[in-house]
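J.: using only what follows, build the 3D model:
(2 chains)
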Protein chains: 2
Amino acid sequence: MPNPTAAMIVIGDEILSGRTRDSNMYHLAGKLAEAGIDLKEVRMISDDHDAIVGAVQEVSARYDHVFTSGGIGPTHDDITADSIAAAFGRGIDVRDDARAILAAHYAKSGTELNTARLRMARIPDGAALIENPVSAAPGFKLENVHVMAGVPSVFHAMVESVLPGLTGGAPLISRSLRVDRGEGDIAEPLGALARAYPMLSMGSYPFQKDGKYGAHVVIRGSDAVAVDAALVELKAAFP
Amino acid sequence: MPNPTAAMIVIGDEILSGRTRDSNMYHLAGKLAEAGIDLKEVRMISDDHDAIVGAVQEVSARYDHVFTSGGIGPTHDDITADSIAAAFGRGIDVRDDARAILAAHYAKSGTELNTARLRMARIPDGAALIENPVSAAPGFKLENVHVMAGVPSVFHAMVESVLPGLTGGAPLISRSLRVDRGEGDIAEPLGALARAYPMLSMGSYPFQKDGKYGAHVVIRGSDAVAVDAALVELKAAFP
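T.: This next block holds a predicted model:
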């Protein structure tokens, strides 16, 4: 059975403007590979209602799981929850269970649960909450879309809350070999090897160091026996 | 006149598998902001013919400029050039001008211009070459799509080859203020300010340091006078 597929949507003007370097995508990609869920596509879009609705509708129809990061805080530019509701034609309002989580959290520090903070309890109808052990304000899952925070520490914690509940396939296994020859010399034997192992993905990532050319050749797949066998052949081809 | 728009497509299994952390997107985002070209969307996809064709067709129709990175080397998984040709219904073959560039480059080091290396001279019909001062093998521009290498040093050099030829708008100006209060307290005054300056984008990026909450509030826009005026008001609201 093929592994389940996934897409990620990174939401935020700060990423597209070049101010902030996203790190959530790299984190999630590694976690999904371990879990045996194939990340097929990532989109980075701005805090724009139509952009979010369009991206969510397109990728949620195309892949088994969708993960979003960003735009679920208390400020005016946090429009992800409303956009997700719109994407699925659902209503959205402050929900009692989410409000109770926020009320308990802010009571501890004597902080007022004002209108802005209450925005973080706006949850689309029918969504399930995603636990946030870092800063309380929950994410949520609606249909096959997991809506999570953009702040990396919170995003990481929400990923840990979500992943154990998903059925993955065989983890992606990856083996690499450094070959100290130019890619142009590696290409032909590597291409033959790739044709011999159609169930594996093989990639060549060139580097130049101290004026010498080389490449890291990476073999990836879910079939550990095939990966190891291909690695043996690769080493024999480039002794 | 609004700024021209752009999208980027990052092509490569090594990104989606979590093996490699992409840096080209962050680099290009900063360069486009300086150039006054609004980066609206980024897609990261795998080395897959149909995925590349689909993404290129969708975003090239939607934005003024498209930039791709990855998949133009000599190995079997380098299928970007053929996929771009297919996306626009063009033929593709080894082209004399590209072959001459490679021949001159490899002659210097006495390296054979073998079949694998010649793949890098495959250029879609009607495309213009993009200079590669680092490792010779050119990128190309077809329609509104700039096809560039994935190796960061080569990608950076190709961006420098391309950007001066594009007509940008007003550069994106960005000013930020650190506010040592929780986002829930920042939200209401910031929302009012955002409504007063509809031509600007305002974002709030929370942090927690030494147990205290705060946020970096960022004001972005092409109108320098408006950005500065809004920053004055923002400072007055959070003295």
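
J.: how about the helices of chain A, start to end?
T.: In chain A, the segments counted as helices under DSSP state H are A:13-16, A:24-35, A:49-62, A:80-87, A:96-108, A:115-118, A:152-162, A:183-196, A:224-237.

J.: and chain B, is the first one touching that?
T.: What that stands for is helix A:13-16. Yes: residues of helix A:13-16 are located near chain B by CB under 8 Å from any CB of the partner chain, namely A:13-16. Bear in mind the C-beta positions are built from the backbone N, C-alpha and C, glycine included.

J.: contact partners of that helix?
T.: Residues outside helix A:13-16 that contact it (CB atoms under 8 Å, 6 or more residues apart in numbering or on different chains): A:20-22, A:44-47, A:70, A:77, B:29, B:39-42, B:201, B:203, B:205, B:218, B:220.

J.: list the ones among those residues that fall in strands.
T.: Judged by DSSP state E, the contacts of helix A:13-16 include A:44-45, B:39-42, B:201, B:203, B:205, B:218, B:220 as members of strands.

J.: and those residues as a markdown table, adding pLDDT, distance to A:Arg90 and neighbour count?
T.: Below are the ones in strands among the contacts of helix A:13-16 laid out as a markdown table (pLDDT from 0 to 100; distance: CB to CB, whole Å; neighbours: other CB atoms under 10 Å in any protein chain shown):
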| residue | pLDDT | distance to A:Arg90 | neighbour count |
| --- | --- | --- | --- |
| A:Met44 | 98 | 24 | 27 |
| A:Ile45 | 98 | 20 | 26 |
| B:Leu39 | 97 | 30 | 27 |
| B:Lys40 | 97 | 26 | 19 |
| B:Glu41 | 98 | 25 | 23 |
| B:Val42 | 98 | 27 | 26 |
| B:Ser201 | 91 | 27 | 20 |
| B:Gly203 | 92 | 26 | 27 |
| B:Tyr205 | 90 | 28 | 20 |
| B:Val218 | 93 | 31 | 20 |
| B:Arg220 | 92 | 31 | 19 |
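
J.: and the lowest-mean-pLDDT helix or strand in chain A, what does it pack against?
T.: One helix or strand of chain A scores below all others by mean pLDDT, DSSP states H and E: strand A:201-209, with a mean of 88. Under the contact criterion of 3 or more CB pairs under 8 Å, 6 or more residues apart in numbering or on different chains; DSSP states H and E, strand A:201-209 touches helix A:183-196, strand A:212-221, helix B:13-16.

J.: re the thing from before, distance to A:Glu34 added to the residues of helix A:13-16 next to chain B, as a markdown table?
T.: Formatted as a markdown table, those follow (distance: CB to CB, whole Å):
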| residue | distance to A:Glu34 |
| --- | --- |
| A:Asp13 | 31 |
| A:Glu14 | 28 |
| A:Ile15 | 24 |
| A:Leu16 | 28 |
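
J.: that older thread, sheet partners, orientation included, of the least confident helix or strand of chain A?
T.: Counting by DSSP bridges, the strands paired with strand A:201-209 are strand A:212-221 (antiparallel).

J.: what are the buried residues along the strand it pairs with?
T.: For strand A:212-221, a neighbour-count test (16 or more other CB atoms under 10 Å in any protein chain shown) marks A:213-221 as buried.
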